[in-house]
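Novice: structure for the following, please:
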Amino acid sequence: MIQAGKRSQAANAEIIGEQLRELGAMKLDWRSKGVPGAAEASKLAETAWNVLAGDLPFPVAVLKQTALRHNSNWMQRFLAATGVSLAPHGKTTMAPQLFAQQLNDGCWGITVATAQQAIVCAEAGIRRILMANQLVGAANIAQILSLLRSTPDLDFYCYVDSASGVGLLAEALRGYHDLSLNVLLEMGVKGGRTGCRSIADAVTVLHAIAKVKEIKLRGVAGFEGMIHGASQAETEARVTAFLDLMAEAFMLCRERQAFAHEAEAIISAGGSSFFDIVAHRLKEMRDPGPTRIVIRSGCYLTHDSGLYDDGFPELARRLPRDLAQQLGSLQPGLFIWSCVQSRPEPGLALLTMGKRDASHDAGLPIPVLRGRTGSTETTPLDRQWQIKQMNDQHAYLHLPEPADLQVGDLICCGISHPCTTFDKWRVIPLVDDNWSVTGAVHTYF
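Specialist: Reported below is the predicted structural model:
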C-alpha cells in the first residue's frame, strides 16, 4: 500500500482538526429538531441542558458517550486479537466527528456507498476511502475523478463486477490522462446484490481490467450480510461458503498476477453481523503475498437495541471463549426520547415520535426506560412494553393496563438498525450517563 508521508499525515490531521473546529463553532437553533434554542455546538456543555429536565424538545435522538467509548474500545481489542483492519461504513452515521474518532482509534479508512458520501469524507480530511459499491453514472464518475485530481494524496477504491462497468470507468478516464483508479473485484451470491456470481464471471471482469492500464486491480471484496438460511447454522454455513468463493477469486488474481504490483492486495467483507466469521475465515487463506484483510462494520460504534443486539450472542458464541470473555458485549448507544401525548384507552399510549424520527425497516423501536419530566429517576421497561405501530409522527405504545403512565411522561426507546435512524437527524446531542448534554454530532446525508 502506498502510504502518505509524515508531512502529508500531519497535513491531513490538521484538515480533520479544522473541520472539527468548524463543526464545533456551528450555531444551532430551532431549524434542527431536538434543539431547544440558539447555541454554539462546542459550548453545549455550558447550557446545562438535560433530557430528563425537559430542556430539549421531544422527540430527540441522543448518543450516549460512555457507550460510544466502550464500543470503540471493544473493537480496538477485537482488531488487535484478530490482526484484521477496519474501514467502518460511513453511511451508518455520515458524521465527520465520529469518523475522526474512528480514525483516532486506528481504523484503516472509511467506507462509503456513494460519490456524495466520498466527497463528504474527503472534505473532512479522510484520505483513505473505500467505496463499497459500483461507480456508475457519468456525473458520479466525474465527481470522483475530479476529487482524485484535486486531492492527490487520496487513497480511493471502488468496486467492479462486470466488463461493462470497467468499460464505463475506462471511457471516463480518457478525459483524465494523469489519473488512475483503484478497483476491487466484487463477488456476490445468487439472488443477492451486486457482485460476480461465479469464478467464470470474475475471469471475464479480469480480462476487461487487464486491457485498461489506468484501472488498477487492488483486491477482492464482497458483502455477506444479505445471506440468510433456514437456521442460524445454515446461515453461517452459507456465509462461510461465500467467503471461500471470495478467497478462490482472490487466489486466482494472485496466480494470474492481476493485482497492481506496487502494493499489498486487499480482501474485504464483513458487515456488522458476521465480521467475526470474516476475520477467522479469511485469515485461513494460504496467500503467499502481502495481504490486508479489511472488515467494514459500520454499526459497532453505536450498536443498537434490536437487530444487532439480538444477533450479538451468536457472534460471541462463535468467538474463542477467552476472547469472548475478554471483550464482553457491545452496548446500545443511540436512543430516542419522546413524550406521552395521549392515553386514549387502557393499555395504549401515543408517543410524540414516528417514522420521521426512528428506523422501522428492521424492527420497530424498543422501549427501554420511562421517566417523568423534572425527575432524575428512570425505570427500566420489560418486553411487555412494545411499540406495535408507527405513523409519521406517532408511535403506538402497548403497555400493561395497570401501568401508571401519564400524559407528559417520558419514554426512552432503543432502535433497531442505526443506519436508518441517523439519516433522520441533522444534529444529535451527545449525553452523559445522567442524560445531560455535553456536545453534538452533525450528520450529512
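
Novice: describe which strands the strand ranked longest in the chain pairs with in its sheet and in which direction.
Specialist: Ranked by number of residues, the top strand in the chain under DSSP state E is strand 334-345. Strands adjacent to strand 334-345 in the sheet, as given by DSSP bridges, are strand 60-64 (antiparallel), strand 348-351 (antiparallel), strand 410-414 (antiparallel).

Novice: relative to Trp385, which of these is closest?
Specialist: When the strands paired with strand 334-345 are compared by Cβ to Cβ, strand 410-414 sits nearest Trp385, at 8.1 Å. The C-beta positions use only the backbone N, C-alpha and C, and glycine is treated the same way.

Novice: this structure: helices as residue ranges?
Specialist: Ranges of helices within the chain are 6-25, 65-82, 96-104, 115-123, 138-150, 163-173, 199-210, 232-255, 275-283, 307-318, 321-327, 419-422, based on DSSP state H.

Novice: what's in contact with the fourth one?
Specialist: Read it as helix 115-123. Among residues not part of helix 115-123, those counted as contacts by Cβ atoms under 8 Å, 6 or more residues apart in numbering are 19, 90-91, 94, 96, 99, 110, 112, 129, 131, 135, 140-141, 143-144, 147, 151, 154, 156, 444.

Novice: how many neighbours does Val431 have?
Specialist: Counted with other Cβ atoms under 10 Å, residues neighbouring Val431 total 24.

Novice: excluding sequence neighbours, find me the nearest residue to it.
Specialist: Nearest in space to Val431, with sequence neighbours left out and distances taken as Cβ to Cβ, 6 or more residues apart in numbering, is Val62 at 4.7 Å.

Novice: would you list the helices of the chain in CSV and tack on distance to Gly298?
Specialist: As requested, those are exported to CSV (distance: least, Cβ to Cβ, whole Å):
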stretch, distance to Gly298
helix 6-25, 19
helix 65-82, 11
helix 96-104, 10
helix 115-123, 11
helix 138-150, 20
helix 163-173, 24
helix 199-210, 26
helix 232-255, 18
helix 275-283, 10
helix 307-318, 11
helix 321-327, 19
helix 419-422, 7
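
Novice: could you dump those into JSON lines with mean pLDDT and mean neighbour count added?
Specialist: Putting these into JSON lines (pLDDT from 0 to 100; neighbours: other Cβ atoms under 10 Å) gives the following:
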{"stretch": "helix 6-25", "mean pLDDT": "70", "mean neighbour count": "14"}
{"stretch": "helix 65-82", "mean pLDDT": "97", "mean neighbour count": "17"}
{"stretch": "helix 96-104", "mean pLDDT": "94", "mean neighbour count": "21"}
{"stretch": "helix 115-123", "mean pLDDT": "96", "mean neighbour count": "21"}
{"stretch": "helix 138-150", "mean pLDDT": "97", "mean neighbour count": "16"}
{"stretch": "helix 163-173", "mean pLDDT": "98", "mean neighbour count": "17"}
{"stretch": "helix 199-210", "mean pLDDT": "98", "mean neighbour count": "17"}
{"stretch": "helix 232-255", "mean pLDDT": "96", "mean neighbour count": "18"}
{"stretch": "helix 275-283", "mean pLDDT": "95", "mean neighbour count": "21"}
{"stretch": "helix 307-318", "mean pLDDT": "96", "mean neighbour count": "16"}
{"stretch": "helix 321-327", "mean pLDDT": "96", "mean neighbour count": "13"}
{"stretch": "helix 419-422", "mean pLDDT": "96", "mean neighbour count": "22"}
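
Novice: closest one to Gly347 among the ones you listed?
Specialist: Across the helices of the chain, closest to Gly347 is helix 307-318 (Cβ to Cβ), at 25.1 Å.

Novice: what angle do helix 275-283 and that closest one make with each other?
Specialist: Here helix 307-318 runs at 50 degrees with respect to helix 275-283, directions being taken by axes from the mean of the first three to the mean of the last three Cα atoms, to 10 degrees.

Novice: residue contacts, Lys353?
Specialist: Wrong residue type there; residue 353 is Met, not Lys. Applying Cβ under 8 Å, 6+ apart, we find Met353 in contact with 58-59, 336, 338, 365, 390, 393-395, 413.

Novice: list the contacts of the residue nearest to Gly414 when sequence neighbours are not counted.
Specialist: Take Gly414 and drop its neighbours on the chain: the residue closest to it by Cβ to Cβ, 6+ apart is Ser305, 2.4 Å away. With contacts defined as Cβ under 8 Å, 6+ apart, Ser305 is in contact with 332, 365-366, 368, 413-416.

Novice: can we see that at 6 Å?
Specialist: With contact taken as Cβ atoms under 6 Å, 6 or more residues apart in numbering, Ser305 is in contact with 332, 366, 414.

Novice: do you know how far it is from Asp392?
Specialist: Computed with Cβ to Cβ, to the nearest Å, the distance linking Ser305 and Asp392 is 22 Å.

Novice: ditto for Ala142
Specialist: In this structure, Ala142 and Asp392 are 37 Å apart, going by Cβ to Cβ.

Novice: what do you get for Gly347?
Specialist: Taking Cβ to Cβ as the measure, Gly347 and Asp392 are separated by 23 Å.

Novice: could you do Leu44 as well?
Specialist: Per Cβ to Cβ, Leu44 is found 28 Å from Asp392.

Novice: and the residue positioned nearest the centre of the chain, what pLDDT?
Specialist: If you average the C-alpha coordinates of the chain and look for the closest C-alpha using Cα atoms, centre = their mean, you land on Gly298, 2.5 Å from that point. We have a pLDDT of 95 for Gly298.

Novice: next up, the contacts around the residue nearest to it when sequence neighbours are not counted.
Specialist: What sits nearest to Gly298 in space, not counting adjacent residues and going by Cβ to Cβ, 6+ apart, is His89, at 3.0 Å. Contact partners of His89, counting by Cβ under 6 Å, 6+ apart, are 111, 296, 298.

Novice: could you redo the last one with a cut-off of 8 Å?
Specialist: Contacts for His89 (Cβ under 8 Å, 6+ apart) come out as 111-113, 132, 271, 296-299.

Novice: do Ala208 as well
Specialist: By Cβ under 8 Å, 6+ apart, the contact list for Ala208 reads 162-163, 166-167.

Novice: could you do Leu154 as well?
Specialist: With contacts defined as Cβ under 8 Å, 6+ apart, Leu154 is in contact with 122, 127-129, 147-148.

Novice: let's see it at 6 Å
Specialist: Taking Cβ under 6 Å, 6+ apart as the definition of contact, the neighbours of Leu154 are 127, 148.

Novice: repeat for Thr352
Specialist: 58-59, 338-339, 341 are the contacts of Thr352 under Cβ under 6 Å, 6+ apart.

Novice: identify, from these, the entry nearest to Ala200.
Specialist: Closest to Ala200 out of those is Pro59 (51.4 Å), distances taken as Cβ to Cβ.
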